[in-house]
Structure formats: structure tokens, C-alpha cells
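Undergrad: Would you be able to build a 3D model of this:
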Amino acid sequence: MNEENTVLRKGHNSVVKRFVDAIILGELKKNGPLSGYDIIYFINQKFYVMISPGKVYSALYALERKGLIQGSFDSKKRTYTITEQGAKALEEIAEESEAVLYYLTSL
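TA: Got it, this is the predicted structure:
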């Protein structure tokens with residue numbers, strides 16, 4: 001892999017990791033309820049990024065504390081669903097991200 005590809009790959013990984021909260025909320029809205037493992041698998045398959053379980057579970061716990069998602073036990077694993085407050089937060093994130101993306105593409 002050449003240097004340019006390495007820089008682009010690191011940038012891609014960084015963006016995915018910074019948006020992990022929004023990615024989690026979005027995937028829960030679209031396909032919930034999901035476990036932490038399901039979310040890790042989704043991120044890997046969709047974005048080709050290996051994200052640490054610690055990063056994902058830390059984000060899940062923070063989102064749950066904020067009332068944006070709700071966890072429950074489903075057989076042997078904990079699964080999460082998005083709350084109404086989480087769906088509203090996701091809409092706000094999408095609107096803000098759209099404005100930033102519009103700016104960046106206009107450069």
C-alpha cells in the first residue's frame with residue numbers, strides 16, 4: 001500500500017470512529033434491536049473498519065446513560081433499541097452533518 005492510500009485509509013478509519021455514536025443510532029433505527037457484537041460486525045462489514053469492542057461498548061453505555069438508546073437482555077445477550085429521544089438526536093446529527101458535507105463538497 002502506498003503512502004497516499006495509507007493516509008486515506010487512516011482518515012477513513014478516523015471518520016468512522018468519530019461518528020460511531022451516529023452510526024450506532026442509525027443502525028439501531030434501521031435494524032434494531034442489536035447487540036454490541038452485531039454493531040461491531042456491521043461497522044466492519046459496511047465500512048471495512050475494525051473497531052475495538054471497548055470503543056463500541058463505551059459508546060453504547062454513554063448513549064444509554066443519555067437516554068438515546070435502551071438496553072435489555074434478550075436470551076443470553078444484551079440488545080439495544082433506539083428511543084424516541086435517540087431518533088430525534090439522530091435527525092439533528094443528520095442535519096448538521098449534511099450542512100458540513102455541503103460545505104466540504106463546495107470547496
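Undergrad: worst-scoring helix or strand of this structure, pLDDT-wise?
TA: Ranked by mean pLDDT, DSSP states H and E, the weakest helix or strand in the chain is helix 3-18, scoring a mean of 63.
Undergrad: Mind listing residues that contact the helix or strand just after it?
TA: With elements assigned by DSSP states H and E, the helix or strand that comes after helix 3-18 is helix 20-31. With contact meaning C-beta atoms under 8 Å, 6 or more residues apart in numbering, helix 20-31 is reached by 16, 34, 39, 42-43, 47, 51, 55-56, 59-60, 62-63, 68-69, 80-82, 86-87, 89-90, 93-94, 97. Every C-beta, even on glycine, is put in place using the N, C-alpha and C of the backbone.
Undergrad: And for stretch 51-62?
TA: 16-17, 20-21, 24, 36, 39-40, 43-44, 69, 71, 80.
Undergrad: right, and the pair among those residues with maximum separation?
TA: 16 and 71 (22.7 Å; C-beta to C-beta).
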